[in-house]
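> Provided below are the primary sequence and the corresponding predicted coordinates.
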Amino acid sequence: MQTILAISQNVFRRALRSKIFTVLLVFAIGLIFLSRVFEFLTFTAEIKLIKDIGLASIAFFTALITIFLSGETITGEIEERTIYTVLSKPVSRQGLILGKFLGIVWAILATLTITGVAFFILLCLKQRTIPGMVFEALFFIFLEAAVISSIAIMFSSLSSSTTTSTVFTFFIYVLGHFNPQLRFLGEGT
C-alpha cells in the first residue's frame, strides 16, 4: 500500500508540472470567465447560459486533461525506460497501474477544485448563491473523468505509443458523447 501511494504521489506531482495540464487549466478558467461575455445573447436566461458554458468547459477540459495525462502514464515510462527501474523494485504490475490511476484521480480532483472555485466565484458574482445541482454536476464530471482515466490507462498499457493510446481514448470519449445522436440516426433509417 505504501508503494502504491508513493507511485500515485509521484504521478500527481508529475501531472501538476506538466505543460499540458497548465495550458488546458488556464484555457478552462479563461472560458469559464468568458461565459459572462455571452450574456448579451439572451435577456432572460443569463444564469442558465453561464452555468451551461461553465459546466461544459469544466467537463470538456477535465476530460482533455485526463486523456492527455492518462494516455502517457505507462507508455511515457516505457519510452523513457523508467518503468524497468520501477518494476525491478518490489512493486507488482497491478500496484503500478493502481498507483498511476490514483495519481491521475488526484490530478482530476485538483483540476475540478481549481475550475470549480473559478466557476463558483463567477456564480456568486452574478447570482449571490450557488445551487446544489452544481455540486452534483461536478461530482458526475469527476466520475466521468475517472472512467476516462481508467480507459486511457488500459490503452496506455496495451499500446506502444503515447499517441495511439491518446487517440483511442479520445475516440472512445467522442463516441460516448455522441451516442444519443448515433442512436437517433440509427433509428431514423
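Arrived safely.
> how about the worst-scoring helix or strand of the chain on mean pLDDT as PDB, C-alpha atoms only?
Taking mean pLDDT, DSSP states H and E as the measure, the helix or strand of the chain with the lowest value is helix 83-88, at a mean of 76. Once non-C-alpha atoms are left out, helix 83-88 reads as follows in PDB (Å, rounded to 0.1, in the frame of the first residue of the first chain):
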ATOM      1  CA  ILE A  83       9.400   1.600 -15.900                       C
ATOM      2  CA  TYR A  84      12.100  -1.100 -15.800                       C
ATOM      3  CA  THR A  85      13.700   0.600 -12.800                       C
ATOM      4  CA  VAL A  86      10.300   0.800 -11.100                       C
ATOM      5  CA  LEU A  87       9.400  -2.800 -11.800                       C
ATOM      6  CA  SER A  88      12.800  -4.000 -10.600                       C
END
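> Offset the numbering so it begins at 825, please.
Sure thing, new numbering starts at 825, so read that last one as helix 907-912.
> same for that helix, what does it pack against?
Applying 3 or more CB pairs under 8 Å, 6 or more residues apart in numbering; DSSP states H and E, one finds that helix 907-912 contacts helix 897-904, helix 917-951. To be clear about C-beta, it is placed using only N, CA and C from the backbone, and glycine gets the same treatment.
> and of those, who's closest to residue 880?
Ranking the helices and strands packed on helix 907-912 by distance to residue 880, with CB to CB as the measure, places helix 917-951 first at 10.9 Å.
> Could you check the angle the very next helix or strand once past that closest one makes with helix 917-951?
Scanning forward in sequence from helix 917-951 by DSSP states H and E, the next helix or strand is helix 956-982. Orientation check (axes from the mean of the first three to the mean of the last three CA atoms, to 10 degrees): helix 956-982 against helix 917-951 gives 150 degrees.
> Give the next helix or strand downstream of helix 956-982.
Read in the C-terminal direction, the helix or strand following helix 956-982 is helix 986-1001, with elements assigned using DSSP H and E.
> right, so of the helices and strands packed on helix 907-912, which gets closest to residue 862?
With CB to CB as the criterion, residue 862 lies closest to helix 917-951 of the helices and strands packed on helix 907-912, at 12.2 Å.
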